[in-house]
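**Student:** okay, sequence plus prediction incoming.
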Amino acid sequence: MQVFGTHDDVTRAQLAKVAERARKVALMADGHVGYVMPIGGVAAYENQVSVVGVGFDIACGNAAIRTDLTLDAIGGTPAAIARRLGTLADEIAESVSFGIGRKNRADDAPVDHPLFDDPAWDAVPAKHRKALHDKARNQLGTVGSGNHYVDLFADESRTLWVGVHFGSRGFGHTVASSFLALGQGKSWGEHAPEIEVLLALDEPLGHDYWHLMNLAGRYAYAGREWVARKVVDILGGRERELVHNHHNFAWKENHEGEELVVVRKGATPAFPGQKGFIGGSMADDAVIVQGSGSSDPAVAETQRRALFSTVHGAGRVMSRTAAAGKRHRKTGRVLSPGRVTPQMMEAWVKEKGVVLRGGGLDEAPQVYRRLPHVLAAQANTIEVLHTLRPLIVVMAGEGEFDPYKD
């Protein structure tokens, strides 16, 4: 069992419970408590997949595009750059859909993507298939809320990057919640408790889940790439490099000569030379990393024990309710105050010079660890290739409820 960083007793207890059922487990330095399996957890199974391990936001992940533009190309003076960044932030917020169950309003949304003709759709019960198909088609290329975002960055050479973070939206959520129910003897769409459900891939239920999970993966890739490329077009630039990874997913992988199903829940695959995009918070640097190719046997052993995985972000240190407080859903009356005020969040963002559109107190920088500390805790298993300074952050607005945000 490989554990990076320090974690509270509840998170460690969750990992230990997962280890009772899995062949191998690991925990990344951004880990914290999740449903059944901790966020930042990695677990390898023999011919089985964990529905709750993959999670409700199947194939949530990050994509980053390096453009052919530099910061100097969007304005000559600091004042001109600031004005242009404000205009670009407004254009992004207007062109991309954020928030609860939103439909993609763009004329060029990828609603005719080949994934909609994939035979995996047949695994959805016939009476539910059209509704799910329509939901998926309407939401492809929408971002949602919570910690999902569209960002503009500048790297150490002032080159502009576009970064996005979101998953398979209502499609993936429906697949996950329905197989959680089916795995407990309930019906498709029926509510079921968040308990461990392990599905064997050589049995019908596991077979169907696996194919729909992979379809949700294709769906998330298509959505993130469309949104990121849409923003590159808004900038007037061209794509030079794409770095793209899921971090809520399961893969069939060979580890020490054995094929295992590796579930990463809030963890990024990081085999030697494999690149990943890892975000911090709305006002902290992000990074482009790659799995270490070190010849040091100690590094290689740590990578092996970590199942060639790394962090997916900075990791929360405060729950959404603790950060923003709790309000009555109908009246808006404050039931309990939060630990982060609007002034605290605004001061941090202003000091970093970030242009922010949307974003709630539950996503303030104060609720996250600092990414450099998290990366340092991953030892020498990854190499930082680029450090990305945020210029623009666009998220769903304050108080926007979205059942598909996690």
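**Tutor:** All right, it came through fine. Numbering: from 1, shown residues only.
**Student:** please count neighbours and contacts with C-alpha atoms only from this point.
**Tutor:** Fine.
**Student:** how about the secondary structure of Thr387?
**Tutor:** strand (DSSP: H, G, I helix; E, B strand; the rest coil).
**Student:** make that Gly172, sorry
**Tutor:** With three-state DSSP as the criterion, Gly172 reads helix.
**Student:** neighbours around it, how many?
**Tutor:** Applying other Cα atoms under 10 Å, we find 28 residues neighbouring Gly172.
**Student:** what does Gly276 give?
**Tutor:** 30.
**Student:** same deal with Ile92?
**Tutor:** 22.
**Student:** enumerate every residue touching it.
**Tutor:** With contact taken as Cα atoms under 8 Å, 6 or more residues apart in numbering, Ile92 is in contact with Val231, Ile234, Val394.
**Student:** leaving out sequence neighbours, find the closest residue to the first one.
**Tutor:** What it means is Val231. Residue nearest to Val231 in three dimensions, not counting chain neighbours: Ile92, with 6.6 Å by Cα to Cα, 6 or more residues apart in numbering.
**Student:** distance check, that neighbour against Val394.
**Tutor:** 7 Å (Cα to Cα, to the nearest Å).
**Student:** and if you look at Leu388?
**Tutor:** 16 Å.
**Student:** between these two, which is the more surrounded one?
**Tutor:** Between Leu388 and Val394, Leu388 has the larger neighbour count (other Cα under 10 Å), namely 27 against 23.
**Student:** ok, the nearest residue to that one once chain neighbours are set aside to Gln290 distance?
**Tutor:** Counting by Cα to Cα, 6+ apart, Asp155 is the residue found nearest to Leu388 once chain neighbours are left out, at 4.5 Å. Separation of Asp155 from Gln290 (Cα to Cα) stands at 16 Å.
**Student:** and Phe56, by the same measure?
**Tutor:** Taking Cα to Cα, one finds Phe56 at 27 Å from Gln290.
**Student:** the two: which has the busier surroundings?
**Tutor:** When neighbours are counted by other Cα under 10 Å, Phe56 comes out ahead of the other of Phe56 and Gln290, with 28 against 22.
**Student:** so that one makes contact with Gly170?
**Tutor:** No - assessed by Cα atoms under 8 Å, Phe56 is found out of contact with Gly170, at 9.3 Å.
**Student:** and the pLDDT for the residue nearest to Ala19 when sequence neighbours are not counted?
**Tutor:** Nearest residue to Ala19 in three dimensions, chain neighbours excluded: Val25, at 5.9 Å (Cα to Cα, 6+ apart). The confidence metric pLDDT takes the value 98 at Val25.
**Student:** sorry, back to before: list just the nearest of the contacts of Ile92 to Asn214.
**Tutor:** When the contacts of Ile92 are compared for distance to Asn214 (Cα to Cα), Val231 wins out at 26.1 Å.
**Student:** doesn't the closest one belong to a helix?
**Tutor:** Yes - residue state for Val231 (three-state DSSP) corresponds to a helix.
**Student:** please name the bridge partners of the closest residue to Glu225 other than its chain neighbours.
**Tutor:** Counting by Cα to Cα, 6+ apart, Glu225 lies nearest to Ala63, which is 7.0 Å off, once chain neighbours are set aside. According to DSSP bridges, the residues that bridge with Ala63 are Val164, His244.
**Student:** any idea how far Glu241 is from Ala63?
**Tutor:** 10 Å.
**Student:** these two: who's more crowded?
**Tutor:** Legend: neighbour count by other Cα under 10 Å for Ala63 and Glu241, higher for Ala63 (23 against 12).
**Student:** so who does that one touch?
**Tutor:** Gly163, Val164, His165, Arg224, Glu225, Ala228, Leu242, Val243, His244, Asn245, Phe277.
**Student:** out of these, who's the most crowded?
**Tutor:** Counting by other Cα under 10 Å, top hit in the contacts of Ala63: Gly163 with 31 neighbours.
**Student:** please tell me how far that residue sits from Ala93.
**Tutor:** Gly163 sits 14 Å away from Ala93, going by Cα to Cα.
**Student:** next one: Asp134
**Tutor:** 24 Å.
**Student:** what comes up buried for stretch 185-200?
**Tutor:** For stretch 185-200, a neighbour-count test (16 or more other Cα atoms under 10 Å) marks Trp188, Gly189, Ala192, Ile195, Glu196, Val197, Leu198, Leu199, Ala200 as buried.
**Student:** save those residues as TSV, and put in distance to Val18, pLDDT and secondary structure too.
**Tutor:** Putting these into TSV (distance: Cα to Cα, whole Å; pLDDT from 0 to 100; DSSP: H, G, I helix; E, B strand; the rest coil) gives the following:
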residue	distance to Val18	pLDDT	secondary structure
Trp188	26	96	coil
Gly189	26	92	coil
Ala192	20	95	coil
Ile195	11	94	coil
Glu196	9	95	coil
Val197	11	95	coil
Leu198	11	97	strand
Leu199	15	98	strand
Ala200	16	98	strand
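**Student:** what about Gly257, how many neighbours?
**Tutor:** 7.
**Student:** how near is Thr77 to Val349?
**Tutor:** In terms of Cα to Cα, Thr77 sits 21 Å off from Val349.
**Student:** who's more crowded, those two?
**Tutor:** Comparing Thr77 with Val349 by other Cα under 10 Å, the one with more neighbours is Val349, at 19 against 10.
**Student:** gap between the helix or strand Glu94 falls within and the chain center?
**Tutor:** Here Glu94, judged by DSSP states H and E, is contained in helix 78-95. On the basis of Cα atoms, centre = their mean, to the nearest Å, helix 78-95 sits 25 Å off its chain's mean C-alpha point.
**Student:** I'd like the next helix or strand past that helix.
**Tutor:** Assigned by DSSP H and E, the successor of helix 78-95 is helix 126-139.
**Student:** tilt between the following helix or strand past that following helix and helix 78-95?
**Tutor:** Of the helices and strands lying after helix 126-139 in sequence (DSSP H and E), the nearest is strand 149-154. Per axes from the mean of the first three to the mean of the last three Cα atoms, to 10 degrees, the angle that strand 149-154 makes with helix 78-95 is 150 degrees.
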